[in-house]
Each structure stands twice: as structure tokens, then as C-alpha cells.
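A.B. asks: model this:
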Amino acid sequence: MGLDNIQVSVVLPCLNEESALSLCINKIKEVFAREGITGEIIVADNNSADNSREIALSLGARVIIEPQKGYGAAYLSGLKEAKGEYIVIADSDNTYDFYDMPKFLKPLKDGYDFVLGSRFKGKIKKGAMTWSHRYIGNPILSGMCRLFFRTRLSDIHCGMRSFTNAAYKKMKLRTMGMEFATEMVVSALAHNLRTFEVPINYYPREGESKLSPFSDAWRHIRFMLIYSPLWLYFMPALTGFLLGIVILLLLLKGPFLFLGHQWDIHFMIFISAISILSYQLLNLGIFAHTFAINEGFLRNDRFFIFFQRNFNLEKGLMIGTLLFIAGISINLLIFIEWFFKHFGTLARLRESILAMTLLIIGLQTIFSSFFISLLFLKRK
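C.D. replies: You can find the predicted model right below:
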């Protein structure tokens, strides 16, 4: 069979799966024969210590050895070798039924780019998924993905998927651990790939599980936060900054009563620090968002287009300078009043806090504008 004539590549990550690997490979071969598919089976072996490699080779699969541990590392090595027009991936522990492969190939032939299985729209067999994963872990992580990346996909961690070879090249995947599953979904959305979801059944695994629930969950959460500047930076930053400025202006007139407590100068100092930190976080969000779009990690969105059209270095410098001058002017007026009082007692602490807040925010705006302009530079 010539490698140039392959229609479907099935890639299986493998780490000590001798108890299930032959079942998976034989099912795939049956589907190939029944559907008249010219296909290949690639076993991406993650340095197994059992007989997995020998089993795969004896059944006619290609074995790619990836010594670096990690779910993503194994997949990246295997996918790099895939020659088929269509690619199907799934775990090699028999939790997914490879007889379902035609359901994953039909949408691709109909024009879709990326097909994801959904265990929650299908049936999860008894003993296939722990209670905590089924009702806490997966729903929370899938819900975060739907919220952060505006998708309706119900099961972002389903391990059985298919996609075109062209779509895989567009995704430019790179993570080495379990977060690879999330990265694939996020990248598919970022590149506007046509996505389809297929209900499937999920079965108890053969052999020992390699999952580390807490560390794997954190990998997924960390990845989603890094790739979602809106929720990591902008939402808390805007909330803290706008609320902080409003409270600063309220306290400028004097203490006020709220929730049965008198809020005064100490709270004003705290709110000033919150406002400054929130503004700094907002700047970091703009840096991260711009960098992520420039590098192709995130898709070009309305915020980025609006900001790029309306921001330039001169506007940033002007805004920062005006804020700085406002702070300097308040401090100057306070100093003049103090001077005419012969440097005696002066009760202008509230005004001083506001002035220093404006000074710092103004300087941050000036220097941030230079850095944002650097990120906006275009390459030929």
C-alpha cells in the first residue's frame, strides 16, 4: 500500500496498553475492510514497558516511539507521521468503540473540518467514568470552555475525534500534556474550523488508568485561562478599576456610611491601590491579547479590530500625559495651599491620594502605549 494513497490515518496514543491495543487495532482493520477504506494505523508509543509495541507491529500498525512522556507529546509524534486525507484519533484502552469511525468520517466528507465525540449526548456505560469526573470535573471544564470561547460543544474532553489533515496543519498544536485535548478544541475554534459533534458511547477501560485528576484538571484550566485574556485579565481588571475610581471620587468628599460601617481614609488608600493594580492588569490583558492574536493563538475579534483602529501611540501619550498633569496639578495646588499656610497643618490627604493615583495611572499609560505600539508593528 503506497503512503500517497492513504485515505484515513488512525492515530492511537499508547502507554502500556497491551491488554486493549489488539482489540482497538482489530476493530479499526474491520472498519477499513467493511467500508473499503485505504487506511493506516499509527501507534504513538510513549515508551511503553510492556508488549504494546510488539502487539502493534504484529498487527500491521506503524509504531512511532516518543520517549517524552505526555498525552500531547505522543499525539504530536503520531500525527506528524499521518498521511491520510482524514485523521481519526482515540485512546487505545478500548473506552471508545472504533466501529463508530464511519460516524466521524461522514461529516468530514460532507465538508466539516473537525468532528468531536460527545459522551454526554451518548451513553456512558457503568464503570466507565467516575462520579466526580461525570458530574463535577467534565461539566465544569466543558462549561468553562463554552463560556470562555463561545462554543456549544458539550464534551471538550472526549478523546475520540476526527479532522482533515489540512485542518490539523492549521491548528498548529504544541502542548505536551493532557491539555492537548483542550488546545485542539480552542485552536479549532480560533481558526474558524467547521465543527460537528457526534453522540457516542463510552466504555470501561481495559488496563490501568494513567489519569492524574487534579494535575490534569489544572492543566486544562491553566490552558483555558492563558488563552482567554477576557476572563483572566479584562473582566477582573475593568471591574476593579471602574469600581475603584467611583469609590475614590465618593470618598473625596468625605467618609460615607455603607452596610452599617463608616468608610474613610484607610479604605480610600486601599481602593487607590486596587485601582492602580486593576489598571496594570488591564494593560497586561491588552499585551497578552495582542500577542496571542499576532501569534495566531486567538482569532481576530471585534475588540482587537476596534482597538487597533482607534489606538495609536500619540493618543496613548496624550491620555497618559493628561492624567499625569491632572495629578501634578492637584499636588501643586495642595503645595501652594501648604506654602501660604507657612508649611503648617494641612488636611488634604484625600486629594493627595487621588492625585498620586492619577500620577501613577498616567505614567503607566505613557509607557504602556510604547509597548502596545511595539506589539502592533507589522512585518513584511
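
A.B. asks: quick one: the strands in the stretch 251-380 of the chain, in order.
C.D. replies: If DSSP state E, counting those that start in this stretch is used as the criterion, the strands of the stretch 251-380 of the chain fall at 256-258, 261-263.

A.B. asks: can you name the residues bridging to the closest residue to residue 124 other than its chain neighbours?
C.D. replies: Spatial nearest neighbour of residue 124, chain neighbours left out: residue 202 (4.7 Å); criterion: CB to CB, 6 or more residues apart in numbering. Placement of C-beta: from N, CA and C, glycine included. Residue 202 has these beta-bridge partners by DSSP bridges: residue 96, residue 124.

A.B. asks: quick check: residue 202 touching residue 121?
C.D. replies: No - if you go by CB atoms under 8 Å, residue 202 and residue 121 don't touch, sitting 10.8 Å apart.

A.B. asks: and the two? which has more neighbours close in?
C.D. replies: residue 202 (23 against 13; other CB atoms under 10 Å).

A.B. asks: the more buried one and residue 143, how far apart?
C.D. replies: Distance from residue 202 to residue 143, counting by CB to CB, to the nearest Å: 19 Å.

A.B. asks: could I get the strands of the stretch 251-380 of the chain as CSV with mean neighbour count?
C.D. replies: Shown next, in CSV, are the strands of the stretch 251-380 of the chain (neighbours: other CB atoms under 10 Å):
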stretch, mean neighbour count
strand 256-258, 11
strand 261-263, 12
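
A.B. asks: could the ones you listed be laid out in TSV, adding distance to residue 170 and mean pLDDT?
C.D. replies: Shown next, in TSV, are those (distance: least, CB to CB, whole Å; pLDDT from 0 to 100):
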stretch	distance to residue 170	mean pLDDT
strand 256-258	53	80
strand 261-263	53	82
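
A.B. asks: how about those strands in TSV, adding distance to residue 343?
C.D. replies: Listed next are the strands of the stretch 251-380 of the chain as TSV, based on distance: least, CB to CB, whole Å:
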stretch	distance to residue 343
strand 256-258	31
strand 261-263	30
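
A.B. asks: tell me which of those strands sits nearest to residue 166.
C.D. replies: Minimum separation from residue 166 across the strands of the stretch 251-380 of the chain (CB to CB) falls at strand 256-258, 58.8 Å.

A.B. asks: that's a strand at residue 41, yeah?
C.D. replies: Yes - using DSSP: H, G, I helix; E, B strand; the rest coil, the assignment for residue 41 is a strand.

A.B. asks: contact partners for the nearest residue to it once chain neighbours are set aside?
C.D. replies: Nearest non-adjacent residue to residue 41, counting by CB to CB, 6+ apart: residue 61, 4.1 Å away. Going by CB atoms under 8 Å, 6 or more residues apart in numbering, residue 61 touches 12, 25, 41, 42, 43.

A.B. asks: just residue 330 next, same as before
C.D. replies: Shown in contact with residue 330 (CB under 8 Å, 6+ apart): 351, 352, 354, 355, 358.

A.B. asks: what about 7 Å?
C.D. replies: Neighbour list for residue 330: 351, 354, 355 [criterion: CB atoms under 7 Å, 6 or more residues apart in numbering].

A.B. asks: secondary structure class for residue 211?
C.D. replies: Counting by three-state DSSP, the backbone at residue 211 sits in coil.

A.B. asks: hmm, back to that, who touches both of residue 202 and residue 121?
C.D. replies: Common contact partners of residue 202 and residue 121 (CB under 7 Å, 6+ apart): none.

A.B. asks: so what's the one residue sitting closest to the centre of the chain up against?
C.D. replies: Geometric centre of the chain, nearest residue: residue 224, 2.7 Å, by CA atoms, centre = their mean. Neighbour list for residue 224: 144, 145, 148, 182 [criterion: CB under 7 Å, 6+ apart].

A.B. asks: look up how far residue 59 lies from it.
C.D. replies: 37 Å.

A.B. asks: what's the answer for residue 266, then?
C.D. replies: From residue 266 across to residue 59, the span is 73 Å (CB to CB).

A.B. asks: neighbour count winner among those two?
C.D. replies: The residue with more neighbours, out of residue 266 and residue 59, is residue 59; 16 against 8, by other CB under 10 Å.

A.B. asks: I'd guessed that one sits against residue 22; true?
C.D. replies: Yes - between residue 59 and residue 22 there is a contact at 6.3 Å, judged by CB atoms under 7 Å.

A.B. asks: excluding sequence neighbours, find me the nearest residue to residue 251.
C.D. replies: residue 268 (4.3 Å).

A.B. asks: typo on my end, it should be residue 118
C.D. replies: Closest residue to residue 118 apart from its sequence neighbours, by CB to CB, 6+ apart: residue 155 at 4.3 Å.

A.B. asks: also residue 20?
C.D. replies: In this structure, residue 20 finds its nearest non-sequential neighbour in residue 206, 3.5 Å apart by CB to CB, 6+ apart.

A.B. asks: for that neighbour, give me its contacts.
C.D. replies: Applying CB under 7 Å, 6+ apart, the residues near residue 206 are 19, 20, 93, 94.
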